[in-house]
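Engineer: Got a predicted structure plus its sequence, pasted below:
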There are 2 protein chains.
Amino acid sequence: MGKDERVIGIKDVAKAANVALATVDRVIHNRAGVSKKTKEKVLKVIDKMGYQPNILASNLSKSKKIVLGVLLPEISEESGYWEFPMKGIIKAQKELAQYRIKIKIYNFKQNNNEEIRKRILELINSDIQGLILTSKFADEIEILLADCKQKNRPYVFIDSNIRKIDSLCSIQQPLFESGELAAQLFNYCFTKGEILILHLKKTMDTEDIIGLKEKGMNAYLSDNNQAIVTKSLIIPDFNENGFENVLTKTLGDNPQIKGIFIPNSKVAYIAKYFKKREGKKIYLIGYDFFYDDIEFLENNIIDFLICQRPEEQGYLAVVKLFEHLILKKEVEKEIIMPLDIITKKNYKYY
Amino acid sequence: MGKDERVIGIKDVAKAANVALATVDRVIHNRAGVSKKTKEKVLKVIDKMGYQPNILASNLSKSKKIVLGVLLPEISEESGYWEFPMKGIIKAQKELAQYRIKIKIYNFKQNNNEEIRKRILELINSDIQGLILTSKFADEIEILLADCKQKNRPYVFIDSNIRKIDSLCSIQQPLFESGELAAQLFNYCFTKGEILILHLKKTMDTEDIIGLKEKGMNAYLSDNNQAIVTKSLIIPDFNENGFENVLTKTLGDNPQIKGIFIPNSKVAYIAKYFKKREGKKIYLIGYDFFYDDIEFLENNIIDFLICQRPEEQGYLAVVKLFEHLILKKEVEKEIIMPLDIITKKNYKYY
DNA sequence: CTGAAAGCGCTTACAG
DNA sequence: CTGAAAGCGCTTACAG
């Protein structure tokens, strides 16, 4: 006890294999300039002695910084969501600063294609060594991904929509399953009636994201309770007030509607509407948890929010690139985030 | 871009302050043997240059290993829960092995006071530099805590029941609030009737843990829906079969019971009972998520499980001791874990 | 293809 | 009270 057994290092390997330190280093990093014979000899010794590289020492003696690019929408009122992944990214950056990791942000306004293209070109012409992005705007980024592939730059998707492509790692949300979950929760609230699925457009969500959630919801209902059905309402040019009349009409025409499912992060707008509205309780389930939602959770206007740990996603993206680039670890191709359920009674600890 | 601005180090400080490296080191670590005048001079320079110590280098040059003791129940059938914190602890250990952190496990059989005392004595006589434990068996550990205090050994509670004492950090579960949450969930399932609170004894849970959850549940109900009330059933010498008769009788006598709340991790035993039982649906809410629960979630026998990220708790405990002992960081006194809600439709991603 | 030596930014005896 | 020097386990030119 207390006797600190020495960890075996490159020096011990060199001595045992009867070569110089530099040679062991070359073998470890698979660098050219070692004869087959020497290489084999060294590898055998490494294996036998159970040598494990000391990353602290390795990093200390290295000099070059590693820059990771982050291509994400800027945080604005209509894309407040991105605040959370960014927080996680910043947190990871702070923790890893000692390991020569640097982050460079490439922001763009959502839906501003011109700006996106600009950022993409900047990234292509940069000397970043890894990239974090989201899969939500597929068309624009194909060229960037091709460039990364060619330059062997690893990239990680967050908030990803099942794209295996050649990313180092894809951090995903189970969309279909989140729709099933929402259906299950509605089914605890009422056992027959209709769920209105609100498609609020003019956001960055692509149709298949909403579509998958909707499919999951319908799959659950047809398996478990056919007395609940869904109806879709599309509000094409969504803004804070424009939807009120059409929603009022829809609810008036369809008194059997008992719940509303808002498959993106805009539930607070709908909740605001219900705050003013008279009439029987309608259950509300949405996505993501914002400060603005608290009031409506407290007032029983929003019942459940399904969340994807966005902060953790950003954090993990940086960590996975770090593990790959610095620790040379194997990184899992897919990370599937849990589906967290937020209610009035547990949001405080989220 | 790419130009690697040099980080300023101890050497730069020494030069600027016109002293030797060792002196700067002494000042940084507040070691004795520096004149007031020199110390002030060095501190001023450190402040002006914005010097930040390089922990990698610091760790590399240090030699002594840091051993953390872990005093937790061994993993057995009746205390399977502890598998999860242990997993988190092992994970953290692996990640921090490079930083000279070592873990030493001190296991004991639950309820075996003799063994607990033995382990406590071993810990007192060991040279550990930090301790991880749980607050669930208060009486036995007071002497150990007193010893830690005296030796200035930091300790961290996981699965903690609001004990601020002098721990470095207390990783807590909001018990009262979890009872409120369970009540809220029951209230989505039915709007009048009775909730049976099952006290299954012969576990390590102390009465106040169950009691707080019960209080939370009643508080929610009296605030939100007085048409739902609770009833307690105590099963003193709980084992897998002994409870069946009394439960059957209770349910027979009280047809108004619509839900059962099991405020510890034994819900699977109750679910097994309901699997065989005929009759109307009774909603079940329990704590913690085990492999055995899956079947019952899938069959709609267990409706909700409230979980506390036990793995993360173990992980965090090690990390906090690491931050305190090695990184010399300020550590938050309290970490409150989120209340995760697990259902049939999201357990797969937990 | 191989090796000796300096250096990364600290800590730790040791000498004065 | 202060400093010079060796060393932690690697990487990186440089020389051969």
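Structural biologist: Structure received.
Engineer: where along the stretch 51-200 of chain A do the helices fall?
Structural biologist: A:55-61, A:83-96, A:113-124, A:138-151, A:175-189 (DSSP state H, counting those that start in this stretch).
Engineer: can you check the stretch 251-350 of chain A too?
Structural biologist: A:267-276, A:293-298, A:310-325.
Engineer: Output the contacting helices and strands for the shortest one.
Structural biologist: Same thing as helix A:293-298. Contacts defined by 3 or more Cβ pairs under 8 Å, 6 or more residues apart in numbering or on different chains; DSSP states H and E place helix A:293-298 against helix A:267-276. Every residue, glycine included, has its C-beta placed from N, CA and C.
Engineer: Domain boundaries for chain A, per the record?
Structural biologist: As assigned by automatic domain parsing, chain A contains the domains A:10-53, A:66-173+A:310-337, A:175-307.
Engineer: could you dump those domains to a markdown table with distance to residue B:161 and mean pLDDT?
Structural biologist: Output for the domains of chain A, formatted as a markdown table (distance: least, Cβ to Cβ, whole Å; pLDDT from 0 to 100):
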| stretch | distance to residue B:161 | mean pLDDT |
| --- | --- | --- |
| domain A:10-53 | 39 | 91 |
| domain A:66-173+A:310-337 | 26 | 88 |
| domain A:175-307 | 27 | 91 |
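Engineer: Show me what from the stretch 1-150 of chain A comes close to DNA strand D.
Structural biologist: A:6-7, A:9-11, A:21-22, A:25, A:28-29, A:51-54, A:57-58, A:60-64 (Cβ under 7 Å from any atom of the strand).
Engineer: Put the buried members of the residues you listed into a PyMOL selection.
Structural biologist: Buried members of these can be picked out in PyMOL with the line below, counting by 16 or more other Cβ atoms under 10 Å in any protein chain shown:
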select buried, chain A and resi 9+10+25+28+51+53+57+58+60
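Engineer: among the residues of the stretch 1-150 of chain A next to DNA strand D, which are in strands?
Structural biologist: Applying DSSP state E to those, no entry is found in strands.
Engineer: what's the most buried one of the helices of the stretch 251-350 of chain A?
Structural biologist: Burial of the helices of the stretch 251-350 of chain A is given as mean neighbour count (mean count of other Cβ atoms under 10 Å in any protein chain shown); helix A:310-325 ranks first at a mean of 23.
Engineer: so how far is that one from its chain's centroid?
Structural biologist: In this view, helix A:310-325 has its centroid 9 Å away from the chain centroid, taken as Cα atoms, centre = their mean, to the nearest Å.
Engineer: what's that helix packed up against?
Structural biologist: By 3+ Cβ pairs under 8 Å, 6+ apart, helix A:310-325 packs against strand A:66-73, helix A:83-96, strand A:101-108, strand A:130-134, strand A:155-160, strand A:169-172.
Engineer: Quick one: closest of those to residue A:291.
Structural biologist: helix A:83-96 (9.9 Å; Cβ to Cβ).
Engineer: Now tabulate the domains of chain A in CSV and tack on distance to residue B:199.
Structural biologist: What follows is the domains of chain A, written out as CSV (distance: least, Cβ to Cβ, whole Å):
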stretch, distance to residue B:199
domain A:10-53, 50
domain A:66-173+A:310-337, 36
domain A:175-307, 25
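Engineer: For DNA strand C, which of the ones you listed is the nearest?
Structural biologist: The closest of those to DNA strand C is domain A:10-53. By Cβ to the nearest atom of the strand, the value is 3.0 Å.
Engineer: ok, residue A:285 - how many residues close by?
Structural biologist: Other residues within reach of residue A:285, judged by other Cβ atoms under 10 Å in any protein chain shown, total 25.
Engineer: Now do the same contact list for it.
Structural biologist: A:182, A:185-186, A:259-262, A:267, A:302-306 (Cβ atoms under 8 Å, 6 or more residues apart in numbering or on different chains).
Engineer: check the residues you listed against chain B, which are close?
Structural biologist: Of the residues in the contacts of residue A:285, proximity to chain B by Cβ under 8 Å from any Cβ of the partner chain holds for A:185, A:303.
Engineer: Between the contacts of residue A:285, which sits nearest DNA strand D?
Structural biologist: residue A:306 (43.8 Å).
Engineer: now that closest one: how far from residue B:102?
Structural biologist: Applying Cβ to Cβ, to the nearest Å, the value for residue A:306 to residue B:102 is 41 Å.
Engineer: How about residue A:335?
Structural biologist: 29 Å.
Engineer: Comparing the two, which residue is more hemmed in?
Structural biologist: Taking other Cβ under 10 Å, residue A:335 and residue B:102 do not tie; residue A:335 has more neighbours (19 against 14).
Engineer: returning to that earlier point: need the helices of the stretch 251-350 of chain A in TSV with distance to residue A:172, can you?
Structural biologist: Below are the helices of the stretch 251-350 of chain A laid out as TSV (distance: least, Cβ to Cβ, whole Å):
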stretch	distance to residue A:172
helix A:267-276	22
helix A:293-298	23
helix A:310-325	9
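Engineer: so which of these comes closest to residue A:81?
Structural biologist: Of the helices of the stretch 251-350 of chain A, nearest to residue A:81 by Cβ to Cβ is helix A:310-325, at 6.6 Å.
Engineer: Identify the residues contacting the closest one?
Structural biologist: By Cβ under 8 Å, 6+ apart, helix A:310-325 touches A:66, A:68, A:81, A:84-89, A:91-93, A:96, A:99, A:101, A:103, A:129-130, A:132, A:154, A:156-159, A:168-169, A:171, A:288, A:329, A:331, A:335, A:337.
Engineer: List only those of those residues flagged as buried.
Structural biologist: Using 16+ other Cβ under 10 Å, the buried members of those are A:66, A:68, A:81, A:84-89, A:92-93, A:96, A:99, A:101, A:103, A:129-130, A:132, A:154, A:156-159, A:168-169, A:171, A:288, A:331, A:335, A:337.
Engineer: Which ones, among the residues you listed, also lie beside chain B?
Structural biologist: Answer for these near chain B (Cβ under 8 Å from any Cβ): A:99, A:337.
Engineer: wait, what's in contact with the residue lying closest to residue A:186 once chain neighbours are set aside?
Structural biologist: Closest residue in space to residue A:186, ignoring its immediate chain neighbours: residue A:259 at 4.7 Å, by Cβ to Cβ, 6 or more residues apart in numbering or on different chains. Residues near residue A:259 by Cβ under 8 Å, 6+ apart: A:186, A:189, A:190, A:193, A:194, A:195, A:196, A:282, A:283, A:284, A:285.
Engineer: okay, now the residue nearest to the second one when sequence neighbours are not counted: neighbour count?
Structural biologist: Put plainly, it is residue A:189. What sits nearest to residue A:189 in space, not counting adjacent residues and going by Cβ to Cβ, 6+ apart, is residue A:283, at 4.6 Å. Using other Cβ under 10 Å, residue A:283 has 22 neighbouring residues.
Engineer: got it, and residue A:146?
Structural biologist: That count, for residue A:146 with other Cβ under 10 Å as the rule, works out to 12.
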